[in-house]
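Novice: Dropping a prediction and its sequence here:
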Amino acid sequence: MMSYSTTQALGQARLADLHRQAQRDALARAIRRARRPHSTHRTPGLLAALTSRARRSAGAAESL
């Protein structure tokens, strides 16, 4: 049977390892986001298409 202090030390080491792994994962996600090209050039066209569709739907509902 392991002593309490040994168990405590192993638990703290495991927790520290999980913390380092989470930091690495967060850093990797941030790097991927930074490398991803921004797709802002498509946003105005998409918004225009959605707006015109919504206006057509609203116009059809008013004519009923």
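Specialist: Perfect, I can see it now.
Novice: Distance-wise, check residue 24 relative to residue 5.
Specialist: Distance from residue 24 to residue 5, counting by Cβ to Cβ, to the nearest Å: 29 Å. C-beta coordinates here come from the backbone N, C-alpha and C atoms, glycine included.
Novice: swap that for residue 22, sorry
Specialist: Here residue 22 is placed at a distance of 26 Å from residue 5 (Cβ to Cβ).
Novice: Can you give me the pLDDT of residue 7?
Specialist: For residue 7, the model assigns a pLDDT of 94.
Novice: Can you list the helices and strands that the helix or strand containing it packs against?
Specialist: Using DSSP states H and E, residue 7 maps to helix 4-35. Counting contacts by 3 or more Cβ pairs under 8 Å, 6 or more residues apart in numbering; DSSP states H and E, helix 4-35 is packed against no other helix or strand.
Novice: gap between it and the chain center?
Specialist: Distance of helix 4-35 from the chain centroid (Cα atoms, centre = their mean, to the nearest Å) equals 19 Å.
Novice: Check stretch 47-56 too.
Specialist: Chain-centre distance of stretch 47-56: 28 Å, with Cα atoms, centre = their mean.
Novice: low-scoring pLDDT stretches of this protein, where are they?
Specialist: Applying pLDDT under 70 to the chain flags residues 38-43, 58-64.
Novice: 50 instead, please
Specialist: For the chain, no stretch has pLDDT under 50.
Novice: any idea which residue sits dead centre in it?
Specialist: When Cα atoms, centre = their mean is applied to the chain, the residue found nearest the centroid is residue 29 (8.5 Å).
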